[in-house]
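[1] Give me a model of this one.
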Amino acid sequence: MNTYIGEKYAAIMTKEDVGNLFNALVKKFGNHSEAARRCGLTGKATYDWKEVGFVKLRTKRKVLEACLTDDFLGTIEYLLNRNNERTVDVLRTILSTIYADAVETESKEELENLFDKFLALKLRYRGLVRDTIEDEVSDMENLLRERSQRLGGSLREKSIDDFSARELLSDLGIVGHLYIGNPMEAESFAKNNLSLPGDAVKPILQAFRELCQTRDMKAFTVETANPHLEKYKYIVTDESATYWKNIENSLGERKRGEILENFTRT
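    So this is what the prediction gives:
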């Protein structure tokens, strides 16, 4: 197994990766010479990885296999984290490039094509976006929507999958506050400003309507039984079950679960 992983993944390791893994061996065994011996390398070849211009593939394999032998799970986790960092960097770069091209173009058609590509990538890698660069991507998306409107472009309506749980949580709060003062304004804002899909807006507004008919709510709140959320002020009503049922019907049980999970991260 170690040999297979070494042959498969050593090539993607950078000089920095080799140095980090080797230094982990030095820390484990207490001295440089023993770490080099474990790798099957001479001490001279491993003293200063930063000064080395190029690390041979054979050397990468030896260091990687030695680390796998010593700490298999820890080494695999290191490779996974590094790969994730590189993927995030690549994703940020391609989204930023698309954004820059879209901002500079004066062609409505080109802007629409670039924006479609932007949204497709965001959707394909939504988990990675959500966990790492969600704020950056959301800012770029909102600015591109504004630019498209100024150029008279027609953007496709968002689907519910285009929204992260955190975005939905924020949007529902905004719509709820608006609904208390002006239901028609809330509906218009949800569709036109937040770009919530029409098939989701209707049951969401119906849920707010049922809640407001029962109690004069001065603030939009959501009931939850999670004891770790004491910093929020929640109004507990019998109608909250109806609210969540409507939300679940329109957004899906998975998305409802993501929303509740996001409360625990806040």
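[2] ok, now how distant is the residue nearest to residue 134 when sequence neighbours are not counted from residue 141?
    Nearest residue to residue 134, sequence neighbours excluded (C-beta to C-beta, 6 or more residues apart in numbering): residue 164, at 6.1 Å. Heads up, the C-betas are built off the backbone N, CA and C, glycines and all. Residue 164 is 11 Å from residue 141, where distance means C-beta to C-beta, to the nearest Å.
[3] thinking residue 91 is in contact with residue 121, fair?
    Yes. In terms of C-beta atoms under 8 Å, residue 91 counts as a neighbour of residue 121; the distance is 7.2 Å.
[4] Settle it for me: which of the two has more neighbours?
    Legend: neighbour count by other C-beta atoms under 10 Å for residue 91 and residue 121, higher for residue 91 (19 against 16).
[5] Report the central residue of the protein.
    residue 130 (1.7 Å; C-alpha atoms, centre = their mean).
[6] excluding its backbone neighbours, what's nearest it?
    Nearest to residue 130 is residue 164, by C-beta to C-beta, 6+ apart, at 4.8 Å.
[7] Please look at the one you found and residue 126 and confirm they touch.
    Yes. With contacts counted by C-beta under 8 Å, residue 164 reaches residue 126, the gap being 6.8 Å.
[8] Looking at the two now, which is surrounded by more residues?
    Taking other C-beta under 10 Å, residue 164 and residue 126 do not tie; residue 164 has more neighbours (22 against 16).
[9] tell me the contacts of residue 73?
    The contact partners of residue 73, by C-beta atoms under 8 Å, 6 or more residues apart in numbering, come to none.
[10] Which helix or which strand is home to it?
    helix 72-104 (DSSP states H and E).
[11] Show the subsequent helix or strand relative to that helix.
    helix 108-124.
[12] Domain-wise, how is the chain divided?
    Following automatic domain parsing, the chain resolves into domains at 2-70, 81-156, 161-265.
[13] For residue 55, see how far away the residue nearest to residue 130 is.
    For residue 164, the distance to residue 55 - C-beta to C-beta - is 39 Å.
[14] Could you pull up the residues touching the residue nearest to residue 130?
    By C-beta under 8 Å, 6+ apart, the contact set of residue 164 is 126, 129, 130, 134, 258.
[15] Check it and give its pLDDT.
    pLDDT for residue 164: 72.
[16] quick one, phi psi at it?
    phi -80, psi 160 (degrees, to the nearest 10).
[17] Let the chain start at 47 from now.
    Right, with 47 as the first residue, what we last looked at is residue 210.
[18] I'd like to know how far it sits from residue 135.
    Using C-beta to C-beta, residue 210 is found at 20 Å from residue 135.
[19] that older thread, may I ask which two of the contacts of residue 210 are separated the most?
    Using C-beta to C-beta, the two most remote members of the contacts of residue 210 are 175 and 304, lying 13.6 Å apart.
[20] So which of the two has more stuff around it?
    More crowded of residue 175 and residue 304, by other C-beta under 10 Å: residue 175, with 22 against 18.
[21] tell me the SS of that one?
    Using DSSP: H, G, I helix; E, B strand; the rest coil, the structure places residue 175 in helix.
[22] Please give me every residue in contact with the residue nearest to it when sequence neighbours are not counted.
    Among residues not flanking residue 175 along the chain, residue 183 sits closest, at 5.2 Å (C-beta to C-beta, 6+ apart). For residue 183, the contact set (C-beta under 8 Å, 6+ apart) comprises 141, 168, 175.
[23] Residue 121 now?
    Contacts of residue 121 by C-beta under 8 Å, 6+ apart are 67, 110, 113, 114.
[24] thinking the third one is in contact with residue 69, fair?
    No. Applying C-beta under 8 Å as the test, residue 113 and residue 69 come out as separate, 10.4 Å apart.
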